[in-house]
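**Student:** Okay, sequence plus prediction incoming.
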Amino acid sequence: MKKILTSLAISFSALFVSGISYAAPHSDNNNSGFEYKKPNSNKGKNFQNQNNDEQTDKRRIREERGAKRLKEHKWQEGYVLPQHYRSNSYKVDPQQYNLPKPARNEQWYKINNDYLLVDSEKNNILRIYDH
């Protein structure tokens, strides 16, 4: 009798475990907390993703908008010159443009047809000339 009950218990537990395995999800939506990633079937192929094109377009539009905004920027004395204008490409020679000679720790910058005299230490705009 004991052998029969043991064999019945083992067979029911085997059926129960196999039933659980059938109840597991078989879709790509894995709810176990682990993310399933499909293998990259485009490996080795050289073409751009449509999503990448959209990002490039958005970046280009944002840069154009920023450039337009900076062209319309009105400089005022006392403002701090933004860092991206402090490069050598914006610095000018005052003799070449008939500008007053700068004092020590001052530098002339040309930005959007405006000549700005800037304090080199604090980066404050000291004078503005329109030519």
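**Tutor:** Ah, there it is.

**Student:** Buried residues, stretch 65-84. List them.
**Tutor:** residue 81 (16 or more other CB atoms under 10 Å). The C-beta positions use only the backbone N, C-alpha and C, and glycine is treated the same way.

**Student:** just stretch 91-109 next, same as before
**Tutor:** Those buried within stretch 91-109 under the rule 16+ other CB under 10 Å are 99, 102, 106, 107, 108, 109.

**Student:** Surely the third one and residue 118 touch.
**Tutor:** Pointing back at residue 106 there. Yes: contact criterion CB atoms under 8 Å: residue 106 and residue 118 qualify, at 6.8 Å.

**Student:** shared neighbours of the two, anything?
**Tutor:** Shared contacts of residue 106 and residue 118 (CB atoms under 8 Å, 6 or more residues apart in numbering): residue 126.

**Student:** Run through the helices of the chain in chain order.
**Tutor:** 2-23, 50-71 (DSSP state H).

**Student:** of all those, which has the lowest average per-residue confidence?
**Tutor:** Mean pLDDT values for the helices of the chain show the minimum at helix 2-23, a mean of 72.

**Student:** Please verify my assumption that residue 127 contacts residue 119.
**Tutor:** No: using CB under 8 Å, residue 127 makes no contact with residue 119, being 10.3 Å away.

**Student:** Tell me how far the closest residue to residue 73 other than its chain neighbours lies from residue 122.
**Tutor:** In this structure, residue 73 finds its nearest non-sequential neighbour in residue 112, 7.3 Å apart by CB to CB, 6 or more residues apart in numbering. For residue 112, the distance to residue 122 equals 22 Å [CB to CB, to the nearest Å].

**Student:** same question, residue 105
**Tutor:** 9 Å.

**Student:** Likewise for residue 6?
**Tutor:** 90 Å.

**Student:** residue contacts, residue 91?
**Tutor:** Counting by CB under 8 Å, 6+ apart, residue 91 has contacts 107, 108, 109.

**Student:** List just the nearest of the residues you listed to residue 57.
**Tutor:** residue 109 (32.2 Å; CB to CB).
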